[in-house]
Structures are given as C-alpha cells and as structure tokens.
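Chemist: Requesting a structural model of the entry that follows:
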Amino acid sequence: MAKESGKFSPVAMITSPPVFIPLPYNITSKTCRNMARNWQSTRNKSQQSEHGTIINSMFTGRILEEKVINQYRGIIPQITGSAWITGTHQFFIQDKDPYPQGFEII
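Modeler: Here you go, the predicted model:
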C-alpha cells in the first residue's frame, strides 16, 4: 500500500460519462508539490516523500538541491518510479472563446 506520512494517498480521476482512470503519472506533480510544502516548513533536504496510486504504483521524491532564482527560493527535486503514457489530450483556444479566462461552477 502506498503511503504519504503514514496515510494511503491514491490519485484517480472520474470523467463524464463516468469512466474511472487511475493516474500514476499525476503523482510526480503531487510528489513535487508536497516536497516543496514540507521543505518550506522544515527546510529538511534529507526528507523523502512517498506517494502511490490506487494500483499500487509507488513514487519516491527527495530534494537534491536548494536554489534561489531572482528573489524566489525553490528546490530541485528527484522523482523515482515508473509510469506509462496511456493517452494524450489536446486543448485549443479559440479567438472567439466567450470564456478566455475559464469559468467556475458554484
């Protein structure tokens, strides 16, 4: 079972019409995001972060280096694990799009 701070941490997506899609490749962004949050609060470079999917794929992230670019502090992460590309998506922006900034359903 994949763990993140001792908790199961699955990632998946449900679409319309209802289709269940496990997202092992989405874990890399989740791993980086959580590593950055942990680093901001603890500044602990040696801390590793483990994340997994509902199909028990495991990804491990760690901080290789701290960087400052202009006035912004950041990290260089290393992510290990395996994932496969199972599809691609293309998004197009039309000049006459009535919602060029997107929209929110409340």
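Chemist: mind listing what's buried in the longest strand that the chain contains?
Modeler: Looking across the chain with DSSP state E, the single longest strand is strand 58-69. For strand 58-69, the buried set under the neighbour-count rule, 16 or more other Cβ atoms under 10 Å, comprises 58-59, 61-63. All C-beta spots, glycine's among them, are computed from the backbone N, C-alpha and C.
Chemist: cool, stretch 49-59 as well?
Modeler: Result for stretch 49-59 [16+ other Cβ under 10 Å]: buried residues 49-53, 57-59.
Chemist: Repeat that for stretch 89-104.
Modeler: Quick answer for stretch 89-104: no buried residues (16+ other Cβ under 10 Å).
Chemist: cool, stretch 68-81 as well?
Modeler: 75, 77, 79, 81.
Chemist: which residues does residue 59 bridge with?
Modeler: Going by DSSP bridges, residue 59 is paired in beta bridges with residue 51.
Chemist: where's it relative to residue 89, distance?
Modeler: According to Cβ to Cβ, to the nearest Å, residue 59 stands 21 Å off from residue 89.
Chemist: what is the mean pLDDT for stretch 87-94?
Modeler: Averaging pLDDT along stretch 87-94 gives 76.
Chemist: Quick check: end-to-end length of it?
Modeler: Distance between the boundary residues of stretch 87-94 (Cα to Cα, to the nearest Å) amounts to 23 Å.
Chemist: So what touches that stretch?
Modeler: Contacts to stretch 87-94, defined as Cβ atoms under 8 Å, 6 or more residues apart in numbering, come from residues residue 100.
Chemist: just to revisit the earlier point, just curious, which of the buried residues of stretch 49-59 is nearest to residue 67?
Modeler: Proximity to residue 67 was ranked across the buried residues of stretch 49-59 by Cβ to Cβ; first place goes to residue 49, at 18.1 Å.
Chemist: I figured that closest one hits residue 75, correct?
Modeler: No. If you go by Cβ atoms under 8 Å, residue 49 and residue 75 don't touch, sitting 11.4 Å apart.
Chemist: any idea how far residue 47 is from residue 63?
Modeler: Where residue 47 is concerned, residue 63 sits at a distance of 7 Å (Cβ to Cβ).
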